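Participant: Dropping the sequence and predicted coords here.
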Amino acid sequence: MEFSPGLAGVPAAKSKISYLDGLKGILEYRGIRIEVLAEKSTFFETAHLLLFGKLPNRTELERFTEDLISHRRIKYRITDLMKCLPEGGHPMDALQAAVAALGMFYPAKDVQNPDVQYISAVRLISKLPTIVAAHARMRRGDDPIIPRDDLDHAANFLYMLSGRVPEPLMAKVLDTCLILHAEHTMNASTFSGMVTASTLANAYTVVSSAIGTLMGPLHGGASEEALQMLKEIGSVKNVRSYVEGKLAAGEKIMGLGHREYKVKDTRAIIVQRLAEELFRRYGGSLLYEIALEVERVAAPLLSPKGVYPNVDFYSGIVYEKLGIEQDLFTPVFAMARVGGWLAHWIEQLKDNQLFRPTEIYEGSHDVSYVPLGQRS
Ligand SMILES: CC(C)(COP(=O)(O)OP(=O)(O)OC[C@H]1O[C@@H](n2cnc3c(N)ncnc32)[C@H](O)[C@@H]1OP(=O)(O)O)[C@@H](O)C(=O)NCCC(=O)NCCS
């Protein structure tokens, strides 16, 4: 048996959902280039594409949109559950707990049934922003804000966070960021969700598994850390010594590098364009100037190794400009990636096989049982 740590390079599924060529910087959802979706699509439409394999026609989009909007509200018991959580806890833990609890309110055992799949997907995509926003407000002592049916997905989320209807550009930028983060082939959180899905657990349990996996700093947590790093650098003139010092100490620069991309992440280029659009309208950002300088200083040192900015490098700067708190970046990532997780859940169930890998045992055999009193 050949052992591949982290299952690196081991195909864990056959999939038609997304495609990534990290040498050419190509990312496609169901064959459509991410640049095209970012420019022309919406998060709802993209979610439909991922889940059901095609862009919706007008009737399908109207029904999907109506269903998503009508399932935004969360039961007061879910709100009460979150009220009981410590206000200093990470919002991803609150999100995972609330999503796991959703499954108790909406039993959905018949996971192979397309109607159950549809309604579970609709509930999860529509309720995640409500949960994230409600927890964000309650932890600072404010009441949650009831979702508004007349606002689109991103605008409604920003409204539920702040109580103010955002300007259309802000909502549009967030909607595009959700598209960019909605899916990314086989990755740790998707795999985690698929392992859970393979046991025929319901969609709420699948998504709560994936949320738990997304939390770690090696996965979804990177944009929070990249922004923190830019804040620590503090000014453009500190960049060179910071970058050179880190590299001399053999440490990584957060937001640079990617296991798959060996060129600049296409999504980072798109996020950068969005950032510049925001700055033109609402004024510049020192953190963006610092980030540009980090990219410039790091380029000659790291590009020979194929290390360039990834999507997380610039997305935190955009989220901050939208008024989203730093520890909500990963929950926002989950609000987007739920589309991809659920698409893989549905695909997995079409030809399900329980994930049950093997291991290489390296322990002892025939060890004698030592009575308690005689143990060292
Ligand atoms: C994402 C990441 C784990 C990918 O790692 P990987 O593909 O396994 O690449 P490696 O860690 O093998 O790196 C290859 C080389 O590039 C260097 N490198 C990779 N990312 C780097 C970074 N962010 N800063 C400085 N050097 C980096 C490594 O030190 C290594 O150098 P060496 O060959 O001289 O030892 C890594 O780039 C990283 O930790 N980035 C920072 C965290 C981050 O932004 N994560 C979000 C990913 S979406």
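Facilitator: Happy to help now that I have it.
Participant: so where's this protein shaky on pLDDT?
Facilitator: By pLDDT under 70, the chain has no low-scoring segment.
Participant: can you pull the contacts of residue 271?
Facilitator: 177, 180, 311, 314, 315, 318 (Cβ atoms under 8 Å, 6 or more residues apart in numbering). Where you see a C-beta, it was placed from the backbone N, CA and C, and this is true even at glycine.
Participant: Redo those residues as TSV? Include secondary structure and neighbour count.
Facilitator: Formatted as TSV, these follow (DSSP: H, G, I helix; E, B strand; the rest coil; neighbours: other Cβ atoms under 10 Å):
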residue	secondary structure	neighbour count
177	helix	27
180	helix	25
311	helix	26
314	helix	30
315	helix	28
318	helix	26
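Participant: Export these to CSV and append columns for distance to the ligand.
Facilitator: Below are those laid out as CSV (distance: Cβ to the nearest ligand atom, whole Å):
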residue, distance to the ligand
177, 14
180, 12
311, 7
314, 12
315, 10
318, 16
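Participant: from the residues you listed, which is closest to residue 295?
Facilitator: Residue 295 lies nearest to residue 314 out of these, by Cβ to Cβ, at 9.2 Å.
Participant: OK, contacts around that closest one?
Facilitator: By Cβ under 8 Å, 6+ apart, residue 314 lies in contact with 255, 268, 271, 272, 275, 288, 291.
Participant: again, 10 Å this time
Facilitator: Neighbour list for residue 314: 223, 226-227, 255, 265, 267-276, 287-288, 291-292, 295 [criterion: Cβ atoms under 10 Å, 6 or more residues apart in numbering].
Participant: close to the ligand, is the helix or strand hosting residue 279?
Facilitator: Taking DSSP states H and E as the definition, residue 279 sits inside helix 266-282. No: residues of helix 266-282 are not located near the ligand by Cβ under 6 Å from any ligand atom, the shortest gap being 9.6 Å.
Participant: could I get that helix in PDB with only the CA atoms?
Facilitator: C-alpha atoms of helix 266-282 as PDB (Å, rounded to 0.1, in the frame of the first residue of the first chain):
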ATOM      1  CA  THR A 266      -7.700  34.300 -10.800                       C
ATOM      2  CA  ARG A 267     -10.000  35.000  -7.900                       C
ATOM      3  CA  ALA A 268      -7.500  37.300  -6.300                       C
ATOM      4  CA  ILE A 269      -7.300  39.300  -9.500                       C
ATOM      5  CA  ILE A 270     -11.100  39.700  -9.500                       C
ATOM      6  CA  VAL A 271     -11.200  40.600  -5.800                       C
ATOM      7  CA  GLN A 272      -8.600  43.200  -6.400                       C
ATOM      8  CA  ARG A 273     -10.700  44.800  -9.200                       C
ATOM      9  CA  LEU A 274     -13.700  44.900  -6.800                       C
ATOM     10  CA  ALA A 275     -11.500  46.500  -4.100                       C
ATOM     11  CA  GLU A 276     -10.400  49.200  -6.500                       C
ATOM     12  CA  GLU A 277     -14.000  49.900  -7.500                       C
ATOM     13  CA  LEU A 278     -14.900  50.300  -3.800                       C
ATOM     14  CA  PHE A 279     -12.000  52.600  -3.200                       C
ATOM     15  CA  ARG A 280     -12.800  54.800  -6.100                       C
ATOM     16  CA  ARG A 281     -16.300  55.300  -4.700                       C
ATOM     17  CA  TYR A 282     -15.700  55.300  -0.900                       C
END
